[in-house]
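K.L.:
any chance you could fold what I've pasted below:
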Amino acid sequence: NLAKFFGKMQPNALRTVHGYQYLEARAKSGAPAKANKELSLMSTICHYAVRWGVMEANPFVGMMQNKTDKSVRTVTRSQIVRFYLWSLKQPQTFRNLGCAAIFTYLTGFRAAEVRPFHVSGLSSAGVRVINAKRKKGEDEVSKLREWSPKLRAVVARARQTHKVERMYLFANLSGSPYSRSGWGSVWHDAMMAWVSSNDGAAKPETLIAHPEYFSLLDVRPAAITTKLRNRDGDAYDFAAHANPATTHRNYDRRKEKKAKATE
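P.N.:
Residues are numbered from 1 along each chain as shown. Below you'll find the predicted structure:
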């Protein structure tokens, strides 16, 4: 999108007004939020261009971005469990995704940690991964989820999903971990079948808007919200954020904040 709009322009010919024209054009095409991210990328490119002497100044610094409504999908435990139970009666690939969904809910791991989860992460102590999201220079953080009866059952089912032993718990049919795009493709197919089983038929263009739809990315916030709602003492270790404020700002989906009276 950036190349289509700016590709034929000379760097020194770029002006702030061109940035606003880009934001407006992308907003009219239905992508105001993506436009903000794309122009931010363009600004970074221009910073490098200034550093290399290609242009004198970055014209896209300090711009007002498009206003967007933050859309947050709230997923319930019931929704995830129903998808899991439905998947157990489906072909191997869909069963695999159902197990991954409930595994994510029980562990609170990120989707990027679940997709390539290696069976070496299974131990007598529980299920362990290295935090996949950390800033440059930060030490690795190991996340351990102690065994529960439900977690043991889900892991056992996931391993039984494959006809032969796999190195990756949620491997694709060839035994390799799914790529992000590959996972998205099979997840879309599974959700289409799942939603259609509840609602007769789901059109592709309305799938994401369907109330039963959710992605694997929606499961972790649901898990963390459950820990917060239950006031579990290990809620912050479960979320594993370096700053607890991040847990509340981005992952707390509680509709009701309950507390005792002062006296």
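
K.L.:
quick one: contacts for R159?
P.N.:
Applying C-beta atoms under 8 Å, 6 or more residues apart in numbering, one finds that R159 lies in contact with V119, E165, R166, L169. All C-beta atoms are positioned from the backbone trio N, CA, C, and that covers glycine.

K.L.:
redo these as CSV? Include pLDDT, secondary structure and distance to P32.
P.N.:
Below are the contacts of R159 laid out as CSV (pLDDT from 0 to 100; DSSP: H, G, I helix; E, B strand; the rest coil; distance: C-beta to C-beta, whole Å):
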residue, pLDDT, secondary structure, distance to P32
V119, 96, helix, 43
E165, 87, coil, 48
R166, 92, coil, 42
L169, 96, coil, 38
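
K.L.:
mind putting the residues you listed in a markdown table, neighbour count included?
P.N.:
Below are the contacts of R159 laid out as a markdown table (neighbours: other C-beta atoms under 10 Å):
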| residue | neighbour count |
| --- | --- |
| V119 | 14 |
| E165 | 8 |
| R166 | 20 |
| L169 | 25 |
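
K.L.:
for these, work out which two are farthest apart.
P.N.:
When C-beta to C-beta is used, the two most widely separated members of those are E165 and L169, lying 10.7 Å apart.

K.L.:
and R220, how many neighbours does it have?
P.N.:
Under the neighbour criterion other C-beta atoms under 10 Å, R220 is assigned a count of 22.

K.L.:
ok so, going back, tell me the one of the contacts of R159 nearest K67?
P.N.:
Looking at these and their distance to K67, the nearest is L169, at 41.8 Å (C-beta to C-beta).

K.L.:
wait, isn't that closest one in contact with P116?
P.N.:
No - counting by C-beta atoms under 8 Å, L169 stays clear of P116, with 9.2 Å between them.

K.L.:
buried set for the worst-scoring helix or strand of the chain on mean pLDDT?
P.N.:
Taking mean pLDDT, DSSP states H and E as the measure, helix 244-251 is the helix or strand of the chain with the lowest mean score, a mean of 76. The neighbour-count check on helix 244-251 (16 or more other C-beta atoms under 10 Å) flags T247, Y251 as buried.

K.L.:
who does it touch, helix- and strand-wise?
P.N.:
Packing partners of helix 244-251 (3 or more C-beta pairs under 8 Å, 6 or more residues apart in numbering; DSSP states H and E): helix 219-229, helix 235-239.

K.L.:
let's have the ones you listed in TSV, adding distance to M192.
P.N.:
Listed next are these as TSV, based on distance: least, C-beta to C-beta, whole Å:
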stretch	distance to M192
helix 219-229	18
helix 235-239	31
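
K.L.:
quick check, L144 in a helix?
P.N.:
No - L144 sits outside any helix when classified using DSSP: H, G, I helix; E, B strand; the rest coil, being strand.

K.L.:
and the residue lying closest to it once chain neighbours are set aside, how many neighbours does it have?
P.N.:
Counting by C-beta to C-beta, 6 or more residues apart in numbering, L144 lies nearest to R128, which is 4.8 Å off, once chain neighbours are set aside. Neighbour count for R128, taken as other C-beta under 10 Å: 17.

K.L.:
so R128 is in contact with E146, correct?
P.N.:
No - R128 is beyond contact range of E146, at 10.1 Å (criterion: C-beta under 8 Å).

K.L.:
before we move on, the earlier item: just the helices and strands packed on helix 244-251: most buried one?
P.N.:
Of all those, helix 219-229 has the most neighbours on average by mean count of other C-beta atoms under 10 Å, namely a mean of 21.

K.L.:
and it with helix 244-251, angle?
P.N.:
In this structure, helix 219-229 runs at an angle of 120 degrees to helix 244-251, with axes from the mean of the first three to the mean of the last three C-alpha atoms, to 10 degrees as the basis.

K.L.:
what residues does helix 219-229 touch?
P.N.:
74-77, 80, 101, 104-111, 234-235, 238-239, 247-248, 250-254.

K.L.:
redo that, cut-off 6 Å
P.N.:
For helix 219-229, the external contacting residues (C-beta atoms under 6 Å, 6 or more residues apart in numbering) are V75, A101, T104, Y105, G108, A235, F238, A239, Y251, D252, R253, R254.
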